[in-house]
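Chemist: predicted model and sequence below, questions to follow.
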There are 2 protein chains.
Amino acid sequence: MNLPISIDDVEAAAARLAGVAVRTPVLTSEAADAMAGARVFFKCENLQRIGAFKFRGAFNALSRFNEAARRTGVITYSSGNHAQAIALAARLLDMPALIVMPADAPSIKIAATRSHGAKIVFYDRYTEDREALGSRLAAERQMTLIPPYDHSDVMAGQGTAALELIDDVGPLDALFVCVGGGGLISGCAVAAAARSPGCRVIGVEPQAGDDVRQSLARGERVRIAVPQTLADGAQTQSPGELTFAVMRALVAEVVTVDDAALIGTMRWMAEQLKLVVEPTGCLAAAAALTPRPELAGQRIGVVLSGGNVDLARFATLVGTQS
Amino acid sequence: MNLPISIDDVEAAAARLAGVAVRTPVLTSEAADAMAGARVFFKCENLQRIGAFKFRGAFNALSRFNEAARRTGVITYSSGNHAQAIALAARLLDMPALIVMPADAPSIKIAATRSHGAKIVFYDRYTEDREALGSRLAAERQMTLIPPYDHSDVMAGQGTAALELIDDVGPLDALFVCVGGGGLISGCAVAAAARSPGCRVIGVEPQAGDDVRQSLARGERVRIAVPQTLADGAQTQSPGELTFAVMRALVAEVVTVDDAALIGTMRWMAEQLKLVVEPTGCLAAAAALTPRPELAGQRIGVVLSGGNVDLARFATLVGTQS
């Protein structure tokens, strides 16, 4: 297979991230094992720098800039975690950063992005095209555009999450990963294919927007309306070109989870694992904790992708009686 | 010094706990470092089995029972986390367990204790003497009483938290530990004295009940009324005899934290570290994140002791605007 990234790219990213990214802990839970009917390993990317896996891809991409590109800096568009990741990585690498963000992004994500010294340009998620705006600004200011997922350095960086997980706990029978644009799952699928051959990589999308599931079923990229879901990190309308190529080759299936299940999983994560996990970060866990006969007794990896949720909103969601 | 426990006891406990207790992760945070004006290492015992450090002492104590004692089983009294810890350790070691619990203990703790198969006897925290009740039941049923803190095997087990922390991150200049009856801090102080000589061990009590601070100031154990505080794991009225001997020798000072600061710290932990930490578990962090000139730029350890809090209560506490 001639895929956009290889295990060599993921390993090179891991070397760049060593000592910079957090080697996040892997947690287990008897309660989770009992629910899933399997042995479950949670990779806690909510405990990553900026509270999400996105730091991996952003830092990997920016650390490959040449001197001229570092001087003019980086631009990106993002609903939140990628924005923070680019902002922090740019600060660590001492380069300017400009972020195109939806005006309705969670305030915690806007504040965190600003706190790293990045400049922000807002757009309307429902009427404006962030990619066109990003490209125009990049050209005007001669900044390098690093998109949130459809970029080989970003994908390779995200794959280090699965690389660490498998290196820490050993081979897996299945790996559940949330799917927005596909950056995380494509990197993780490449890592899993190399480190744990035969591992079944299962993507999880919000029920409100299964653009990747539809695209894989059709064999071509499908574009949908902006999904209305709590999982604000997975409100993508279409998979990326590069990520789709990897997903077609390496993702076994895509399942969906509705918002009610996400809330139940957020509550379970707080109560049982003592973790704050954002709605998007609960996608993979919600699917993995639903028992499947074919995975009974097997070893299952779950990426908890992030923990950035407004605290008042979190409290409202988990405080509601089920 | 001839103390009730030595570093050998803590190391022996660590060997017994290897592969049974979670070697909990140590988290760091740029935001915490900025607040404290120091380098802060959080030992996440909220991610320990049963959601608190108490599993360490309980399992260490029970694993030393002889065959006859295992058959008749263990009895204890506890406001919650020690109860769960004894219940789980007893299940793992296949022995009966009877827990004397206050009727107003958090429901999450009662349910968790029952889920491990222990039997529960309730008492009134404000009118009945749990120690007398525990001793009477132990004699009647020929069960071995393992109190929540004033027992050398319990203290040695709790000390493994600091042992792991220092072994993982290196020597510390100061170590903040919450103080209820003193089991955790006495074990941790013995570990710190051996592994990080010169480390300043600082105890943290709720402002509503500073029995240990008073006792250390007077040079003898003081008994106070049941403290009314959110920190339900630190509502002790007096230090233990064994724990007091260790604290007199090895604890540099004791400071207090009020309930408002505990709520602020719970909120900070959820927002910045993505962790659910119970009020008692926030005591040490609340003190450590308050800057002190003499600790500026130094290396500070903080034990986050537990994460067992009713989720609805947690949501109410962290959801309230500050």
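Modeler: Thanks, I have the structure now.
Chemist: where along the stretch 101-250 of chain A do the strands fall?
Modeler: All strands of the stretch 101-250 of chain A, identified by DSSP state E, counting those that start in this stretch, fall at A:119-123, A:144-145, A:174-178, A:200-206.
Chemist: neighbouring strands for the last one, and are they parallel or not?
Modeler: Yep, that's strand A:200-206 we're talking about. strand A:174-178 (parallel), strand A:253-257 (parallel) (DSSP bridges).
Chemist: CA atoms of the first one as PDB?
Modeler: Listed next in PDB are the C-alpha coordinates belonging to strand A:174-178 (Å, rounded to 0.1, in the frame of the first residue of the first chain):
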ATOM      1  CA  ALA A 174      -9.300  -3.700  18.800                       C
ATOM      2  CA  LEU A 175      -8.700   0.000  19.100                       C
ATOM      3  CA  PHE A 176     -11.600   2.500  19.300                       C
ATOM      4  CA  VAL A 177     -10.800   6.100  18.100                       C
ATOM      5  CA  CYS A 178     -13.100   9.000  17.600                       C
END
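Chemist: before we move on, the earlier item: out of the strands paired with strand A:200-206, which is the most enclosed?
Modeler: Most buried of the strands paired with strand A:200-206, by mean neighbour count (mean count of other CB atoms under 10 Å in any protein chain shown): strand A:174-178, with a mean of 28. Any C-beta I mention is one placed from the backbone N, CA and C, and that applies to glycine too.
Chemist: looking only at pLDDT, what's the mean for that strand?
Modeler: The average of the pLDDT scores along strand A:174-178 is 98.
Chemist: go through chain A and flag its longest helix.
Modeler: Longest helix in chain A by number of residues, with DSSP state H as the criterion: helix A:152-169.
Chemist: packing partners of that helix?
Modeler: Packing partners of helix A:152-169 (3 or more CB pairs under 8 Å, 6 or more residues apart in numbering or on different chains; DSSP states H and E): helix A:7-17, strand A:26-27, strand A:39-44, helix A:54-62, strand A:174-178, helix A:183-195, helix A:241-250, strand A:299-304.
Chemist: need the residues that contact the second one.
Modeler: Same thing as strand A:26-27. Contacts with strand A:26-27, where a contact means CB atoms under 8 Å, 6 or more residues apart in numbering or on different chains, come from A:Phe41, A:Phe42, A:Lys43, A:Cys44, A:Leu165, A:Asp168, A:Val169, A:Leu273, A:Leu275, B:Val22, B:Leu47.
Chemist: please repeat the previous calculation with a cut-off of 6 Å.
Modeler: For strand A:26-27, contacts defined as CB atoms under 6 Å, 6 or more residues apart in numbering or on different chains pick out A:Phe41, A:Phe42, A:Lys43, A:Cys44, A:Asp168, A:Val169, A:Leu273.
Chemist: which of these are buried?
Modeler: Buried members of the contacts of strand A:26-27, scored by 16 or more other CB atoms under 10 Å in any protein chain shown, are A:Phe41, A:Phe42, A:Lys43, A:Cys44, A:Val169, A:Leu273.
Chemist: could you work out the most separated pair of those?
Modeler: A:Val169 and A:Leu273 (15.9 Å; CB to CB).
Chemist: if I pick the closest residue to chain B within the stretch 101-250 of chain A, what's in contact with it?
Modeler: Taking CB to the nearest CB, chain B has its nearest neighbour within the stretch 101-250 of chain A at A:Ile108, 7.3 Å off. Going by CB under 6 Å, 6+ apart, A:Ile108 touches A:Asn308, A:Asp310.
Chemist: what residues of stretch A:278-290 count as buried?
Modeler: Going by neighbour count (16+ other CB under 10 Å), the buried part of stretch A:278-290 is A:Glu278, A:Pro279, A:Thr280, A:Gly281, A:Cys282, A:Leu283, A:Ala284, A:Ala285, A:Ala286, A:Ala287, A:Ala288, A:Leu289.
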